[in-house]
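S.K.: Please find the sequence and the predicted model below.
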Amino acid sequence: MTLYEHISSNKRKSILLIGIFFIVIGLIGYAFGLYFGDIFIGLAFAIIVSIIMTLVSFYSGDKIILRMSHAVPADKREYPHLVNTVEGLAIAAGMPKPKIYVIEDSAINAFATGRDLKHSSVTVTTGAVKRLKRDELEGVIAHEMAHIRNYDIRMMMFVVVLVGVIALLSDMFLRTLIYGRRGESRRIGGLIGAIIILIGLILAILSPLIAQLIKLAVSRKREFLADADGVLLSRNPQGLANALKRIRDDKEPLVEAANKATAHLFIENPLRTFKGRVNALFSTHPDISERIKRLEGF
């Protein structure tokens, strides 16, 4: 596949996965409605909860993420090359310069966040600034700028909210089934009612796991897309490939300030401590060696 074909393919797959998210939320709302005897009330409740959580995340999610990560504004006098690189790539991308932050950590990593081009930021670890060569750091920044330009930063915050909504609704439905009044279940009679309740129970148990897997899949697809689009900005696929090699071979990859809620934002999983098929299934990022192979194929 060509570079542009990679980008188009990843965009289509990401939209499909987001669509599955909405279907899962709709099914949970539908199960609520069946249990209480009014499908529309169940669907309306699921939609209202989703909207409220999305608005809260949309307007304050980036600030919360930066605070959780212990990120501080980058001083141009202390990090002139970092600031100049971001400014240069912003001009090349035809977009406003994002705010620049650093995390005091020896690991090599970076992430972008924000709700749109005017409210965005790029954050890198001090390890990335000190240990990467000039073209390697440019490749990493280009990758993060691609996330901003493609609105990945907004989409990933949106996905995190949807995962939270699904987990919340599933938990509420389970508690309703377990602790709800028995009289409520009589609104659905006989064998059909029992089957519906059983299906709702199974859905409530499996939905959080399904949602988490979809979140991870979306994150992995967007990383491939940002790698490809970042190459369009830097015009140097080998720079990012070499940076990923350094990250892959880093003996201390753990970013101390990272956690499970923010891990998917980083250019590479900041919490990776062991390998294996199960770990790969639940990883927020695609296999780093596969990413390197694709970049070198460009």
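M.R.: The structure has been received and is ready for your questions. Numbers count the residues shown, from 1 in each chain.

S.K.: can we go C-alpha only for contacts and neighbour counts from here?
M.R.: Will do.

S.K.: Lys130: neighbour count?
M.R.: The local packing of Lys130 (other Cα atoms under 10 Å) involves 13 other residues.

S.K.: Next SSE downstream of the helix or strand harbouring it?
M.R.: Per DSSP states H and E: Lys130 is located in helix 126-131. Sequence-wise, the next helix or strand downstream of helix 126-131 (DSSP H and E) is helix 134-149.

S.K.: re the thing from before, so which residues make contact with the helix holding Lys130?
M.R.: By Cα atoms under 8 Å, 6 or more residues apart in numbering, the residues outside helix 126-131 that reach it are 82, 102-110, 137.

S.K.: Tell me which of those fall in strands.
M.R.: The strands, defined by DSSP state E, take in 102-103, 110 from these.

S.K.: Ranking by neighbours, what's the top pick from the residues you listed?
M.R.: Neighbour tally across the ones in strands among the contacts of helix 126-131 (other Cα under 10 Å): the maximum, 27 neighbours, falls on Ala110.

S.K.: can you pull up the bridge partners for it?
M.R.: Val124 (DSSP bridges).

S.K.: what's the spacing between it and His264?
M.R.: As judged by Cα to Cα, to the nearest Å, Ala110 and His264 stand 11 Å apart.

S.K.: For the host helix or strand of Glu87, buried residues please.
M.R.: Counting by DSSP H and E, the element that carries Glu87 is helix 80-93. Neighbour counts over helix 80-93 (16 or more other Cα atoms under 10 Å) mark 82-83, 85-87, 89-90, 93 as buried.

S.K.: what would those look like in TSV with distance to Phe32 and pLDDT?
M.R.: Listed next are those as TSV, based on distance: Cα to Cα, whole Å; pLDDT from 0 to 100:
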residue	distance to Phe32	pLDDT
Leu82	51	96
Val83	51	96
Thr85	51	95
Val86	48	96
Glu87	50	95
Leu89	49	94
Ala90	47	94
Ala93	46	89
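
S.K.: Strands along the chain, start to end?
M.R.: Using DSSP E, strands in the chain cover 72-73, 99-103, 110-116, 119-125.

S.K.: and those strands, which one is worst for confidence?
M.R.: Ranked by mean pLDDT, the strands of the chain end with strand 110-116 at the bottom, a mean of 90.

S.K.: ok, residues contacting it?
M.R.: With Cα under 8 Å, 6+ apart as the test, strand 110-116 has contacts from 58-59, 61-62, 65, 120-125, 128, 140-141, 144-145, 147-148, 151, 153-154, 265-267.

S.K.: mind checking how far that strand is from the chain centre?
M.R.: 10 Å (Cα atoms, centre = their mean, to the nearest Å).

S.K.: Could you write out the alpha-carbon coordinates of that strand in PDB?
M.R.: Output of strand 110-116 as PDB, limited to C-alpha atoms (Å, rounded to 0.1, in the frame of the first residue of the first chain):
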ATOM      1  CA  ALA A 110       5.800  12.000  23.800                       C
ATOM      2  CA  PHE A 111       2.000  12.700  23.400                       C
ATOM      3  CA  ALA A 112      -0.400  15.300  22.100                       C
ATOM      4  CA  THR A 113      -3.700  16.400  23.500                       C
ATOM      5  CA  GLY A 114      -6.400  19.000  23.200                       C
ATOM      6  CA  ARG A 115      -9.900  19.500  21.600                       C
ATOM      7  CA  ASP A 116      -8.900  21.200  18.300                       C
END
